[in-house]
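Q: Here is my input, please return the structure:
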Amino acid sequence: MSTTFEHRLLIGSRGWQHAGWQDSFYPDDLPPEWRLTYYANEFRVVLVPGERLVDETLSAEGNPARWCEDSDAGFRFVCETPPGLNTPADADAFLERIAPFGERCVGIRYVPGAEVLNRRDELDVLLERLASHRAVSVDLAEPPAEGVEAILTAHRCGRCWHGPPASAEFGHGGLALTVIPSPMADLRALRAVVETCLAASTRERISVLVFDGSPPSVETIEQAGTIADLL
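A: Residues are numbered from 1 along each chain as shown. As a prediction, the model looks like this:
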């Protein structure tokens, strides 16, 4: 069954618990456990870092069920796989952790290690597991080899884009994910990125633009949102 998405483009950041945002984006007296609610009032999506989705870090104050309670029903999550997700058992454990998100999770960012890319049969099984539950965007450091591209196509997995100078080749599937290091001072370049992301959006594929950094630039995220509203 196909899914129709309300938004042409969702814009946000990788993570929301950035100490560097205190006193600049977050009010200085805002408790850390209230940050997601504050963030979700400003932006519509967040990429949950993989290191926050391992058993050792999930607690009563930090878990998918709690994060859904701390944000409104229209807020969306993209979930990043933890480092070292190399086996079907790893994939099953990850999918179990993110299950409480339900439809609030619009996709998965999977960053495969070299060892998985070199074992095509295992990559095939992993992507079959992940893609059967959520739209998947595979983040590759280099253009995929012929065998890898065939596996992505078979499971309708997209490819993560990191902006110019690389061309945008999102591939297949229900998630067109872009992750950009911030800040972007060149507004023309930022507009080009936003236009590319908007063009990737369809009624059956959601486009998500995420800014990364230590911390991500709130100004750049806001500028991207303004540009998207104007286009």
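Q: Just the buried positions in stretch 178-190, please.
A: 178-180, 182-184, 190 (16 or more other CB atoms under 10 Å). C-beta here means a position set from N, CA and C on the backbone, and glycine is covered the same way.
Q: Then stretch 83-94?
A: Those would be 85-86, 91, 94, for stretch 83-94 by 16+ other CB under 10 Å.
Q: distance of Glu149 from Ser207?
A: Distance of Glu149 to Ser207, computed by CB to CB, to the nearest Å: 21 Å.
Q: more neighbours, the two?
A: For Glu149 versus Ser207, neighbours defined as other CB atoms under 10 Å are more numerous around Ser207 (24 against 14).
Q: Quick check on that one: phi, psi?
A: phi -110, psi 130 (degrees, to the nearest 10).
Q: Mind listing residues that contact stretch 157-166?
A: With contact meaning CB atoms under 8 Å, 6 or more residues apart in numbering, stretch 157-166 is reached by 109-110, 127, 130-131, 135-140, 144, 151-152, 168-181, 189, 192-193, 196, 205.
Q: Dump the buried residues of stretch 178-190 into CSV; add distance to Thr37 and pLDDT as well.
A: Putting those into CSV (distance: CB to CB, whole Å; pLDDT from 0 to 100) gives the following:
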residue, distance to Thr37, pLDDT
Thr178, 25, 97
Val179, 24, 97
Ile180, 25, 95
Ser182, 22, 79
Pro183, 25, 87
Met184, 27, 88
Leu190, 27, 96
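Q: Narrow the contacts of stretch 157-166 to just the buried residues.
A: If we count by 16+ other CB under 10 Å, those have these buried: 109-110, 127, 130-131, 135-140, 144, 151-152, 168, 170-180, 193, 196, 205.
Q: which helices and strands does the helix or strand of the chain with the lowest mean pLDDT pack with?
A: One helix or strand of the chain scores below all others by mean pLDDT, DSSP states H and E: helix 114-117, with a mean of 81. Contact partners of helix 114-117 among helices and strands, from 3 or more CB pairs under 8 Å, 6 or more residues apart in numbering; DSSP states H and E: helix 120-131.
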